[in-house]
Every structure is written in C-alpha cells, then in structure tokens.
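>>> The following block contains a protein sequence and its predicted model.
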Amino acid sequence: AAAMQLVEQGRLGLDQPMKEIAGEIGEARVLTGFDANGEPQLRAPRRDVTLRHLLTHTSGYSYDLFNAKVGRYMTQAGLPSITSCRYDALRAPLVFDPGERWEYGIGIDWVGRIVELVSGLTLDAYLQQHVFDPLGMRDTGFEPRPDMRSRLVPAAARTPDGIVAVDFDFPSDADFHMGGGGLYSTGPDYL
C-alpha cells in the first residue's frame, strides 16, 4: 500500500529498476549452485529487478528460512537472517532471474526499504502517517505499546505434540522494520 501510494504520486515506477533507488539491488547476483569445493556459483541477472518484481515475489529473491541454497549462502558469506532486521540480511543472492518465476522472499522487505529511501521516513513513520492514522488503526505498529503487549497472543507452531506457544519477537535494536512482516495489530484494526 505504501509503495503504491508513492507510485500514484509519481515518485516510484512499477517497472523502474530498483537499483536506481537502492544500489545494492543492482549488486545482487543469481546463485546457480555450489561447486565441488562448496563455493557459491554466482552470475549477473539477465534483467533488472523492478518494483513490480519485488511486489509480486518474482524478483528472484528468496527467504533464507525457506530456501536451503540461500540459507547456505548466507551462512558461508557471514550474512544474518532476514529476521535479524539487519541491512546485511538484504544482501542475499537471487535464486532466478527477475520475472522468470515466483518464490516467496525478501522482495517485500526490500519494498519497505524502498519506501524509506523515497519518502525520507522510516517505514513505521510512513505507515503511521499515511496508512494507520488515516484509517483509524490505533492498535497497529511495529513496536507494541505496553497496553498492546498486555493483550498480545503468543505466536504458535504445530509440533508432533500439538500446538505450542513459540517465544518469538523481532529485535528491538534492528536496522529496519521488515516490509514483509513484523507488524502487531488487532482483529478490528486488520478488518
């Protein structure tokens, strides 16, 4: 929604190469595999990553949590997981050429960063001013207030023993808020 507001304002283009906004995107290479010595094999992508690619999960980016090759690369390169919310986590490789296929990944997290770079605001400030406040969403944000924390339902996971609570929280000392996740909210705000 934030990125599309910027598109409507003419500040971003859906088919604009995002390396024009965030040069690091232009440095991303396609990870084709690993050689016999375990070294990553990388090549330049055949086309630029656009905002449309990032928004539709067709950019070539994946999540290190879901793609073993990316996880292995990130570990070997000494890069943190996206859940660390560290800028270095965005230095992940592509796993296919932009526009070639779909894979759930850090594209939306990159979109959050793009919104910051274009708007000059942090993602949380932009969303608060341009989405949450205008919609009356008083219980939505990246960092829950104490009154929100007291109402927080824990995350859960299915295990062989049933559904169990999971102790999970995003880091409070993060470099950025993830465009792809991390908001706290209520049912009424979401609706």
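That came through, no problem. Numbering: from 1, shown residues only.
>>> This structure: helices as residue ranges?
2-8, 23-27, 51-55, 68-77, 107-119, 123-127, 133-135, 146-149, 187-190 (DSSP state H).
>>> so who does the nearest residue to D88 once chain neighbours are set aside touch?
Leaving aside its sequence neighbours, D88 sits nearest to L79 (CB to CB, 6 or more residues apart in numbering; 5.2 Å). (C-beta placed from N, C-alpha, C; glycine too.) Shown in contact with L79 (CB atoms under 8 Å, 6 or more residues apart in numbering): Y73, D88, A89, R91, A92.
>>> and with 10 Å instead?
By CB atoms under 10 Å, 6 or more residues apart in numbering, L79 lies in contact with D64, V70, Y73, R86, D88, A89, L90, R91, A92, P93.
>>> same check, this time on L94
L94 neighbours (CB under 10 Å, 6+ apart): 25, 28-32, 42-45, 49, 53, 59-62, 70, 100, 103, 105.
>>> Throw together a ChimeraX command that grabs the buried residues out of those.
Selecting the buried subset of these in ChimeraX, with 16 or more other CB atoms under 10 Å as the burial test, is done by:
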select :25,28,30,31,45,49,53,59,60,61,62,70,100,103,105
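>>> Show me the contacts of L94 that map onto strands.
The strands, defined by DSSP state E, take in V30, L31, T32, L42, R43 from the contacts of L94.
>>> need the contact list for the second one.
Just to be clear, that refers to L31. L31 sits next to 40-43, 60, 62, 67, 69-70, 72-73, 92-96 when contact means CB under 10 Å, 6+ apart.
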